[in-house]
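In: test case, fold it:
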Amino acid sequence: MNKLLVLGGSGFVGRSLCEQLVRRFPGIQLVVPTRRALHAGHLRTLPGVEIVVTNVHDPVRLTALVRGCDAVVNLVAILHGKAADFDAVHHRLPEALTRAMHGAGVLRLVHVSALGAASYAPSNYLRSKAAGEEALKAGGLAVTILRPSVIFGQRDRLLNLFARLQAVAPMVPLAASHVHFQPVWVEDVVAAIVKVLEDPSWIGRTVECCGPQVLSLSEIVRLAGRLSGHERPQIPLPDWVARIQAFVLECLPGQPLMSRDNLDSMRVPSVASGRLPGLPDLGIKPTPIGAVAPGYLAPGQGLARLDGWRATHR
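Out: Model (predicted):
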């Protein structure tokens with residue numbers, strides 16, 4: 001593999017993927033498109049990374065990006081927005097990518113979706129993810145689909161966010177506190193991407209990327225608080241109060257901490273179904289939170305890292 005297009009390469013998972021790819025494949029060329037050069041500034045020091053400021057939703061530009069590559073990894077996703085926004089990013093973009101790849105004569109694709117994606121799912125996020133998967137399956141590509149649960153890691157917006165909130169709030173009003181997740185380490189997700197890229201036997205298959213622990217949101221928040229030295233009491237919110245809270249947060253400027261669509265997504269537990277292969281089938285031993293998070297959530301560390309993330313993603 002000589003040249004790879006990484007859509008969404010400037011994000012949380014993309015950054016770790018680029019770092020692991022240049023370590024594993026010396027001399028590899030990585031093309032990372034972005035809307036703003038500032039968003040990908042942290043990749044400039046990696047050898048072989050070409051940052052292209054462009055609009056990946058433009059079909060002509062997308063085809064030009066794909067041309068000459070050996071494979072494509074699609075990490076592009078949003079967590080907030082209207083139904084049309086989710087459809088544009090999670091469904092229409094994979095459709096356009098299918099056409100672009102055929103036009104450029106490139107068929108190998110690794111697509112990162114989401115655990116719980118289904119046409120009958122309760123949220124726009126999960127339904128649009130499912131529509132994107134179906135578009136790729138019907139598009140005649142050599143595609144492998146990965147479905148991760150919530151992803152944690154040094155630069156995450158999961159544990160870091162809850163650590164930061166508990167550092168400034170005397171208590172945490174928590175919606176959907178009982179919902180269960182199977183948090184997966186970002187480096188394990190990245191290792192899975194690399195593995196399926198290397199092994200053509202995974203073409204046409206879907207892999208569930210999950211960690212070894214099933215935790216409620218309440219347990220995740222408590223863990224973030226304890227490791228950062230700011231564990232606070234929690235107030236579980238009734239569903240109707242949670243929806244009011246989410247609506248208010250949606251109306252605030254910037255990316256909301258929670259939206260009503262997020263709440264709808266959490267009506268589906270983000271845990272492995274057991275019907276699809278997982279990380280162990282790829283030869284990857286899933287990493288528990290306790291083996292990683294203490295290193296970046298030590299008192300003061302999580303807050304500094306989140307502030308750094310916010311500074312580079314404004």
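
In: and A311, what's its pLDDT?
Out: A311 carries a pLDDT score of 34 in this model.

In: swap in W185?
Out: Looking at W185, its pLDDT reads 96.

In: in this structure, which spans are helices?
Out: Assigned by DSSP state H, the helices in the chain fall at 12-24, 59-66, 83-86, 93-104, 124-137, 159-168, 186-198, 217-228, 239-251, 260-265, 293-296, 301-312.

In: so who does I145 touch?
Out: By Cβ atoms under 8 Å, 6 or more residues apart in numbering, the contact set of I145 is 111-113, 133, 136-137, 205-207. (C-beta placed from N, C-alpha, C; glycine too.)

In: quick revisit: L146 is nearest to which of the helices of the chain?
Out: Nearest to L146, of all the helices of the chain, is helix 186-198, at 5.8 Å by Cβ to Cβ.

In: helices and strands around the closest one, which ones?
Out: Here helix 186-198 touches helix 12-24, strand 71-74, strand 108-112, strand 142-148, strand 151-152, strand 206-209, going by 3 or more Cβ pairs under 8 Å, 6 or more residues apart in numbering; DSSP states H and E.

In: what sits up against stretch 16-23?
Out: By Cβ under 8 Å, 6+ apart, the residues outside stretch 16-23 that reach it are 4, 6, 9, 28, 30, 32, 43, 46-49, 73, 75, 153, 186-187, 190-191, 193-194.

In: buried subset of these?
Out: Neighbour-count burial (16 or more other Cβ atoms under 10 Å) is assigned, among the contacts of stretch 16-23, to 4, 6, 9, 28, 30, 32, 43, 46, 48-49, 73, 75, 153, 186-187, 190-191, 193-194.

In: as a markdown table, the contacts of I145 with pLDDT and neighbour count would be great.
Out: Conversion of these to a markdown table gives the following (pLDDT from 0 to 100; neighbours: other Cβ atoms under 10 Å):
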| residue | pLDDT | neighbour count |
| --- | --- | --- |
| H111 | 98 | 26 |
| V112 | 98 | 25 |
| S113 | 98 | 22 |
| E133 | 98 | 23 |
| L136 | 96 | 22 |
| K137 | 95 | 16 |
| R205 | 97 | 14 |
| T206 | 98 | 18 |
| V207 | 98 | 24 |
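
In: nearest to G81, of the residues you listed?
Out: Checking the contacts of I145 against G81 with Cβ to Cβ, the nearest one is S113 at 16.9 Å.

In: do you know how far the closest one is from G295?
Out: 29 Å (Cβ to Cβ, to the nearest Å).

In: likewise for P170?
Out: Distance, P170 to G295, using Cβ to Cβ: 27 Å.

In: A117 now?
Out: 31 Å.

In: then V66?
Out: According to Cβ to Cβ, V66 stands 37 Å off from G295.

In: and the two? Which one has more around it.
Out: Ranked by neighbour count (other Cβ atoms under 10 Å), V66 and G295 place V66 first, with 23 against 10.

In: where does the chain dip in pLDDT?
Out: Flagging of the chain using pLDDT under 70 yields the residue ranges 298-314.

In: burial of the closest residue to A176 other than its chain neighbours, as a residue count?
Out: Of all residues not flanking A176 in the chain, M266 sits nearest, at 4.4 Å (Cβ to Cβ, 6 or more residues apart in numbering). Residues within reach of M266, counting by other Cβ under 10 Å, total 22.

In: could you do I244 as well?
Out: I244: 14 neighbours (other Cβ under 10 Å).

In: distance check, the residue nearest to F12 when sequence neighbours are not counted against E187.
Out: Closest residue to F12 apart from its sequence neighbours, by Cβ to Cβ, 6+ apart: R155 at 5.6 Å. R155 is 11 Å from E187, where distance means Cβ to Cβ.
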